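Undergrad: model this:
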Amino acid sequence: MKKQRSSAAVNSSLIRRPIQRLFPIFLLPTFAAFCIGFLWPFIHGIYLSFCKFTITSNAKWVGLDNYVKAINDPGFMHAFWYTALVAVTSLVVINLLAFAVAYALTRGIKGSNLFRGVFFMPNLIGGIVLGYIWSTIFAGIFSRYGTSMVLDANLGYWGLMIVLSWQQIGYMMIIYIAGLQSVPEEMLEAAQIDGANGWHTLWHITIPTVMPSITICTFLSLTNGFKLFDQNLVLTGGQPFAFQPDGTVIRTTEMLALNIYNTFYLNSKSRGVGQAKAVLFFILVAAIALIQLRATKSKEVQQ
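TA: Reported below is the predicted structural model:
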């Protein structure tokens, strides 16, 4: 009776009415900060993508000219396909290894809490610092063979993959552990009674049950792969260079975020083009994220 009365008191109109009347006071500061810090710069950035400018105060409207130049830029298109390759490969590698580690650490092995902390620690290191640490490690290794990541595009690619995976596997592992621990014991016991082996239990019960965790980890790893910037800047800086027959220089390990950065800051006359690339980049990442969420959400099961 006491629980029913307390819940009724909380849900009573006398309690809700003052909250409903005063909620704008609590909402207004956050909404104002959102408008000032995100919404207005975002809208202004879209406007600048249609302008030619060196500083925002002298922007001149040029229409779709910046977008045409961005799409016709071979460096931008190369960065798109290179980023897609890194993102898809890291998506598979990170999620497979993170799930495998999480599954092993939920089997009741000794020292599992210690291992969880050790695997999660790389995620606490900032991207720039992480990039410099691994850059030093790779330089020491490759110097023995007379090469480096800025001289070999394949080494640069796998260097990015190693750093990206090493940083994110621990974070995804924590999400997978939470999902694995939510699998009902009754379902596992029922499968064992029915004679299902470990593989059948994993494939037909565990994985469908942890689909919400798979959805989250897939979303994070995919978007993080497309948005990668700081490690790319520190490890390779987009090098080595490749010269096209028409004289165009392509940065072979340059990803989209770094390409936008270089377009905007290396040449002040191309800042409008860089802004247009940034808008296209936003549309691309948002579209991929929404498609992925819709695809994985449809496979989630209701418990």
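Undergrad: find the centremost residue of this structure, please.
TA: For the chain, the residue nearest the mean C-alpha position is Asn224 (1.8 Å; C-alpha atoms, centre = their mean).
Undergrad: my guess is it contacts Gln168, does it?
TA: Yes - contact criterion C-beta atoms under 8 Å: Asn224 and Gln168 qualify, at 6.4 Å. For the C-beta atoms, the positions are set from N, CA and C on the backbone; glycine is no exception.
Undergrad: got any residues that touch both of those two?
TA: Common neighbours of Asn224 and Gln168, counting by C-beta atoms under 8 Å, 6 or more residues apart in numbering, are Ser90.
Undergrad: this protein: strands as residue ranges?
TA: 51-52, 60-61, 241-243, 249-251 (DSSP state E).
Undergrad: buried deepest among those strands, which one?
TA: With neighbours defined by mean count of other C-beta atoms under 10 Å, none of these is more surrounded on average than strand 51-52, at a mean of 18.
Undergrad: from the contact counts, what lies against that strand?
TA: In terms of contacts (3 or more C-beta pairs under 8 Å, 6 or more residues apart in numbering; DSSP states H and E), strand 51-52 is packed against strand 60-61, helix 65-71, helix 271-297.
Undergrad: hmm, who's touching it?
TA: Against strand 51-52 from outside (C-beta under 8 Å, 6+ apart): Ala59, Lys60, Trp61, Val62, Asp65, Asn66, Gly272, Gln275.
Undergrad: for stretch 92-111, same thing?
TA: Residues contacting stretch 92-111 (C-beta under 8 Å, 6+ apart): 112, 115-116, 119, 161, 164-165, 168-170, 172-177, 180-181, 202, 206, 214, 217-218, 221.
Undergrad: the bottom helix or strand of the protein by mean pLDDT?
TA: Least confident helix or strand, the chain: helix 2-10 with a mean of 50, by mean pLDDT, DSSP states H and E.
Undergrad: if we can go back for a sec, so for the residue nearest to the centre of the chain, what's the pLDDT?
TA: Asn224 carries a pLDDT value of 90.
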